[in-house]
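Novice: dropping a prediction and its sequence here:
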Amino acid sequence: MQITWHGLACFRLQADGAVCITDPIFTGSGLRGPRLNAASITLSDRTTVGKLGSLGDPAPRIIAGPGEYEAGGILVEGITLSAEGHHTAYRIIADGINVIVVGMLPKLPSPEAAESLAGGDILLLPVGGGPVITAAEAAKLVGWLEPRIVIPCCYKIPGLEIKLDPLDKFCKEMGICPKETLPKLKVSRKDLPADEMKVMVLEKS
């Protein structure tokens, strides 16, 4: 699997030739997102469906709520984290790797609700506060879910017009901060850390 970060909660997950894009970037953020040429697109907030615009041909499968889905060999499970059902998190399984995507998570779920996300290998996690959970709340969620790899997102970067905290706030909460960033993460099942969790920081593509 190859994971590329495009800013905010937008990631491109490529596995076996198929692509899944999470939470595309819309106008108003100051950032430019990737082309939406993918087998599937997941939206953590279903109200953003109308902002997608033209999707080309063949159009990707739009996943915007709880349920079980498949597109291009990538399996996606949508999971509601609150009784209100306004926000959907996703478990994406491809190449034998289990990726937990919480998107633009606006508030920390209860420990009981978070249990539905347990067992993931990689957690794509917002950490910047403001419209998403804070660094302290993000660190708490990591402790509950115990993934093997955490990739932080939704933090302050150049060009972003949404007010978010810098990444180092999350690093201080975790007590870990990698010295190097990666342009993208290429990982297979055998590459996953066995003994300790790693925080891996991706450069915005």
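Specialist: Thanks, I have it.
Novice: helix, strand, or coil at Gly50?
Specialist: What DSSP: H, G, I helix; E, B strand; the rest coil gives for Gly50 is helix.
Novice: list the contacts of stretch 103-118.
Specialist: Contacts to stretch 103-118, defined as Cβ atoms under 8 Å, 6 or more residues apart in numbering, come from residues 8-9, 22-23, 42-45, 79, 81-82, 87-91, 100, 102, 126, 131-133, 137, 140-141, 144-146, 154. Placement of C-beta: from N, CA and C, glycine included.
Novice: actually stretch 2-11, not the one I wrote
Specialist: Counting by Cβ under 8 Å, 6+ apart, residues outside stretch 2-11 touching it are 12-15, 21-25, 29, 31, 33-34, 44, 99, 101-104, 122, 124, 126, 132, 151, 153-154, 157, 160, 162, 183-187, 202-205.
Novice: which ones among the residues you listed are found in strands?
Specialist: Among those, DSSP state E puts 12-15, 21-22, 99, 101, 122, 124, 126, 151, 153, 185-186 in strands.
Novice: which of those residues count as buried?
Specialist: Neighbour counting by 16 or more other Cβ atoms under 10 Å classes 12-15, 21-22, 99, 101, 122, 124, 126, 151, 153, 185 among those as buried.
Novice: can I get those residues in TSV including distance to Glu112 and pLDDT?
Specialist: Output for these, formatted as TSV (distance: Cβ to Cβ, whole Å; pLDDT from 0 to 100):
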residue	distance to Glu112	pLDDT
Arg12	32	96
Leu13	28	97
Gln14	33	95
Ala15	31	93
Ile21	30	95
Thr22	24	96
Val99	22	98
Val101	20	98
Ile122	23	98
Leu124	22	98
Pro126	21	98
Ile151	25	97
Cys153	25	98
Leu185	30	96
